[in-house]
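Give me a model of this one.
(one chain, ligands or ions: 1)
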Amino acid sequence: MALNRDPHVLVVGGSDSSGGAGIARDIETISSIGLRTCLAVTAVTVQTHQAVTAIHHLQPGLVADQMRAALRTNEVSAIKIGMLPAGRVILAVAAVLSENPRIPAVLDPVLASSSGRPLVEPNAIDVMKRDLMPLCRLVTPNLVELAVLTGSELAVSDEDVLRLGRRLLAAGPQALLIKGGHAAGARSTDILLSPNREPVRFDMPRLAGSMRGTGCMLASAIAAHLAKAKSLEDSVRAAKQRVFEKLMEASA
Ligand code: PLP
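Predicted structure coming up:
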């Protein structure tokens, strides 16, 4: 069979049996934006909305093989990366990205579930920074992930967020979207930071409801809009709007 020329987003991440997060959310999000997905599963998790009870890692070679097969089969226009459970898996993903430098990759640096269970081995965090981030078009940490990734206290002021963001940018991603959704206040502000550019702020009213998998949805939606050849800023704006609408539905 010839290459499937429909634009696809390659999703690299873990499954979540509850359907609240992970690849189920990614596929749902990307298809709602009108694109197809292909898949490289990195981990199988057993979860309810309250707890993660088991995590099974897939072998790094199997993850890389899935990615290469997906790339051979389809026209992949963007790559969305979520849960990467171990350093060797991160290195395998980085190797495939470096073979495909023209495809933009969006990394959601998932470190833990909202129920508090770590989803990445602690020693993998340095590997993620050193070997994977420099290959990414965008990395989307929330404030807790920003603190862990920079070995710092949680940023409270806008100044601290920008200082830690600039520090993480030095690890080499082309841009960062720092998600302020878990901070306090009536508005929820995300900040897009790129080297040598003024920060761009995306501000939304804070909604009462909460929902799992919003990080997965946001990064997937950004990847889908990048795959449609939108600019990074326009992709983030469109993706934020979509997540906002989903949160509105959930809190209605
Ligand atoms: N499980 C998997 C497989 C994920 O990829 C993620 C986030 O990306 C989570 C759990 C965490 O999601 P939540 O914060 O909604 O618990």
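
Okay, and the closest residue to Ile33 other than its chain neighbours sits in which element?
Nearest non-adjacent residue to Ile33, counting by Cβ to Cβ, 6 or more residues apart in numbering: Ala224, 4.1 Å away. C-beta here means a position set from N, CA and C on the backbone, and glycine is covered the same way. If you go by DSSP states H and E, Ala224 is part of helix 214-227.

I'd like to know which elements that helix is packed against.
strand 4-16, helix 22-32, strand 74-81, strand 105-107, strand 176-179, helix 232-251 (3 or more Cβ pairs under 8 Å, 6 or more residues apart in numbering; DSSP states H and E).

residues making contact with the fourth one?
By Cβ atoms under 8 Å, 6 or more residues apart in numbering, the list of residues contacting strand 105-107 from outside reads 78-81, 97, 128, 132-133, 135-140, 173, 219, 222-223, 226.

Got the phi and psi for Leu91?
phi -60, psi -40 (degrees, to the nearest 10).

Just give me the neighbour total for it.
18 (other Cβ atoms under 10 Å).

Now do the contacts for it.
60, 127, 131.

While we're on it, how confident is the model there?
Note for Leu91: predicted pLDDT of 98.

Same check on Glu233?
For Glu233, the model assigns a pLDDT of 97.

Check the one 10 residues further on too.
The predicted local confidence for Val243 comes out at a pLDDT of 91.

Same check on His56?
97.

With the one 10 residues further on instead?
For Gln66, the model assigns a pLDDT of 98.

Quickly find the element holding it.
Here Gln66 is assigned to helix 60-73, by DSSP H and E.

Next, the buried residues of that helix.
60, 63-64, 66-67, 70-71 (16 or more other Cβ atoms under 10 Å).

swap in stretch 145-152?
145-150.

hang on, the earlier thing: now the buried members of the contacts of strand 105-107.
Applying 16+ other Cβ under 10 Å to the contacts of strand 105-107 flags 78-81, 97, 128, 132-133, 135-140, 173, 219, 222-223, 226 as buried.

quick one: contacts for the most centrally placed residue in the chain?
Note on the chain: the residue nearest the mean C-alpha position is Asp108, at 2.1 Å, using Cα atoms, centre = their mean. Contacts for Asp108 were tallied using Cβ under 8 Å, 6+ apart; they are 80-82, 140, 215-216, 218-219.

So what does it look like in phi/psi?
Given degrees, to the nearest 10, the pair of backbone angles that Asp108 has is phi -90, psi 110.

now do Thr48
Dihedral angles (degrees, to the nearest 10) for Thr48: phi -110, psi -180.

is it true that it touches Ser18?
Yes: counting by Cβ atoms under 8 Å, Thr48 does reach Ser18; the two are 5.3 Å apart.

nearest spatial neighbour of Met248, skipping sequence neighbours?
Leu207 (6.5 Å).

okay, the one you found: pLDDT?
78.

Count the residues that sit near it.
Count around Leu207 with other Cβ under 10 Å applied: 15.

so it makes contact with Glu245?
No: between Leu207 and Glu245 there is no contact under Cβ under 8 Å: 10.5 Å.

What separation do you get for Asn142 and the ligand?
9 Å (Cβ to the nearest ligand atom, to the nearest Å).

Contact partners for that residue?
Contacts of Asn142 by Cβ under 8 Å, 6+ apart are 178-182, 215.
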